[in-house]
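In: Structure, please.
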Amino acid sequence: MSKPLSETQQAAQTTQPAIAQALEQAQARFDAIVRNMPGLVYQFERRADGSVAFPYLSDGCQALLGVAAAELHAQPERFFQLILEDDRKSYLDAMQASAASLWSWNWEGRIWVDAWKDVKWINLRCTPHLLPGAGTVRWEGIMTNITESKLEQLEVRQSRARLAELTAHIENVKEQERTRIAREIHDDLGGNLTAIKMALAMLSRRLPQEDAALQEKAAYVDSLVDRTIDAVHRISLDLRPSILDFGLVAALEWQAKEFGTQAGIEVRFDSGPGEIELDPDRASALFRIVQEALNNIAKHARASKVALHLSRTRQYILLKIRDNGRGIAPADRAKPQSFGLRGMAERARALGGTLTLGQAPGGGTVVAIKIKSENTPPNRHHAHESAAAPSPAAPGGATIVR
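Out: Sure thing, here's the model as predicted:
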């Protein structure tokens, strides 16, 4: 005769099927979530002896990596072999940093998918845990395919680089056209007006002295010619100051004096000893930046003093424009119609340099331009630099975040 079950045993027999059913339901929900996730859910371990393992790999392994989950379970080192050689150091560095700090691991890099004979960008995000006793770190997270977004980023950056090249080319063409028109106005119109003035002077001397009306008319025409000569000179200078032919330092010194006279603002200009030699295109671009900055000061700054400083180091040419006005708010920089600031920034970028805006000590604004000293083709240099976006030929990156 069997011994009757205790109450505890009876309760266990009753609850065990319920627990098993609950576990099955939880597993089914987990599997359903994992199957519908766009990527590979995984667990990854690095042991104290340096060996690695993948305790868990979801069904997305084959689709993402081109390797079956069973194969990666058996040979976990295969994953490192999939990573392109240029990206392996960043992968190991990110792993080591995450393991040492127990912070989240976020890495982007490229793998070679042999099944499709193609390079794929992947992003892995996972959280580390230190397993007790063994010195093993386990990460749990997800890998996703980011190839499409990377290619889109590359396309956007290349598009921006091409646009920057086009902008720089247009500015160069405009500057050349300004130079041509300015010279034609100065040489042709200026020469003709000078000849007219000389002929008019000769005719005026032959007019009867007693004919006051003719004398008055001749004086009027002479003053009209003088005003036209002044207008031709002014237009020619506006198009391209001829003093640029004497160098950037001389041109900026002249511009500072002209601006001070016209705007009624005290302007101080200083530069290092000697001439700062630049090719005509780069000198013109810097000169136009200064002109636009001074124009903005006259329109918006309400300043009484402006300081221009031009200097040269071994590698860079530095130009600072500082005023004591009311300053510029961040919202003003983002205004849709702030074409002046954008134009200045584009000119600096086309020179392969940077333009920064900041608050001057004691109030006002500082515009700082920094370009490289060597006479490299500025727009192409910058465009190539800008186009150095993540691509199949660029190394991967890694960041560690809390």
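
In: Going by neighbour count, list what's buried in the helix or strand that residue 227 is a member of.
Out: Element membership for residue 227 (DSSP states H and E) is helix 212-239. Buried residues in helix 212-239, counted by 16 or more other CB atoms under 10 Å: 218, 222, 225, 229, 232, 233, 236, 237, 239. All C-beta atoms are positioned from the backbone trio N, CA, C, and that covers glycine.

In: wait, what's in contact with the last one?
Out: Think residue 239. Contacts for residue 239 (CB atoms under 8 Å, 6 or more residues apart in numbering) come out as 178, 179, 181, 182, 185.

In: Same list (these) but as TSV, adding pLDDT and secondary structure.
Out: Formatted as TSV, the contacts of residue 239 follow (pLDDT from 0 to 100; DSSP: H, G, I helix; E, B strand; the rest coil):
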residue	pLDDT	secondary structure
178	84	helix
179	82	helix
181	89	helix
182	84	helix
185	87	helix
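
In: Please pick the buried ones from those residues.
Out: 178, 179, 182, 185.

In: just those residues now: which is nearest residue 306?
Out: residue 178 (24.5 Å; CB to CB).

In: I figured that closest one was touching residue 241, is that so?
Out: No: under the criterion of CB atoms under 8 Å, residue 178 is not in contact with residue 241, lying 10.3 Å apart.

In: so which strand or helix has residue 107?
Out: In this assignment (DSSP H and E), residue 107 forms part of strand 104-113.

In: Quick check: buried residues in that strand?
Out: Neighbour-count burial for strand 104-113 flags 104, 105, 106, 107, 108, 109, 110, 111, 113 (criterion: 16+ other CB under 10 Å).

In: just these: which has the poorest pLDDT?
Out: Least confident by pLDDT among the buried residues of strand 104-113: that is residue 113, with 92.

In: Can you give me the neighbour number for the closest residue to residue 114 other than its chain neighbours?
Out: Of all residues not flanking residue 114 in the chain, residue 66 sits nearest, at 6.0 Å (CB to CB, 6 or more residues apart in numbering). Residues lying near residue 66 (other CB atoms under 10 Å) number 17.

In: got the contact list for residue 66?
Out: Residue 66 touches 113, 114, 115, 116, counting by CB under 8 Å, 6+ apart.

In: Check it and give its pLDDT.
Out: pLDDT at residue 66 comes out at 92.

In: what's the closest of the buried residues of helix 212-239 to residue 258?
Out: Among the buried residues of helix 212-239, and counting by CB to CB, the member closest to residue 258 is residue 237, at 8.3 Å.

In: quick one: contacts for that closest one?
Out: residue 182.

In: if we go to 10 Å?
Out: Residues in contact with residue 237 (CB atoms under 10 Å, 6 or more residues apart in numbering) are 182, 186, 243, 254, 255, 258.

In: and the two most separated of the residues you listed?
Out: 186 and 255 (18.1 Å).

In: Looking at the two, which one has more neighbours?
Out: Comparing residue 186 with residue 255 by other CB under 10 Å, the one with more neighbours is residue 255, at 21 against 18.

In: buried stuff in the helix or strand containing the more buried one?
Out: Using DSSP H and E, residue 255 falls within helix 248-263. Neighbour counts using 16+ other CB under 10 Å place 248, 249, 251, 252, 253, 254, 255, 256, 258, 259, 260, 263 of helix 248-263 among the buried residues.

In: The fifth one against residue 275, yeah?
Out: Spelled out, it's residue 253. No: applying CB atoms under 10 Å, one finds residue 253 not in contact with residue 275, separated by 11.4 Å.

In: which residues are common contacts for the two?
Out: 246, 247.

In: returning to that earlier point: among the buried residues of helix 212-239, which one sits closest to residue 54?
Out: residue 239 (69.6 Å).

In: hey, where'd the strands end up in the stretch 51-200 of the chain?
Out: 52-57, 104-113, 118-130, 137-145 (DSSP state E, counting those that start in this stretch).

In: Which residue ranges make up the domains of this structure?
Out: Following automatic domain parsing, the chain resolves into domains at 22-145, 161-240, 245-378.

In: Mind putting those domains into CSV with distance to residue 16?
Out: Listed next are these as CSV, based on distance: least, CB to CB, whole Å:
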stretch, distance to residue 16
domain 22-145, 11
domain 161-240, 67
domain 245-378, 65
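
In: Distance check, residue 101 against residue 130.
Out: Distance, residue 101 to residue 130, using CB to CB, to the nearest Å: 11 Å.

In: wait, which of the contacts of residue 66 is closest to residue 359?
Out: residue 113 (51.3 Å).

In: how far off strand 118-130 does the strand holding residue 107 point, in degrees?
Out: Relative orientation of strand 104-113 versus strand 118-130 (axes from the mean of the first three to the mean of the last three CA atoms, to 10 degrees): 150 degrees.

In: Common neighbours of residue 178 and residue 241, please.
Out: residue 284.
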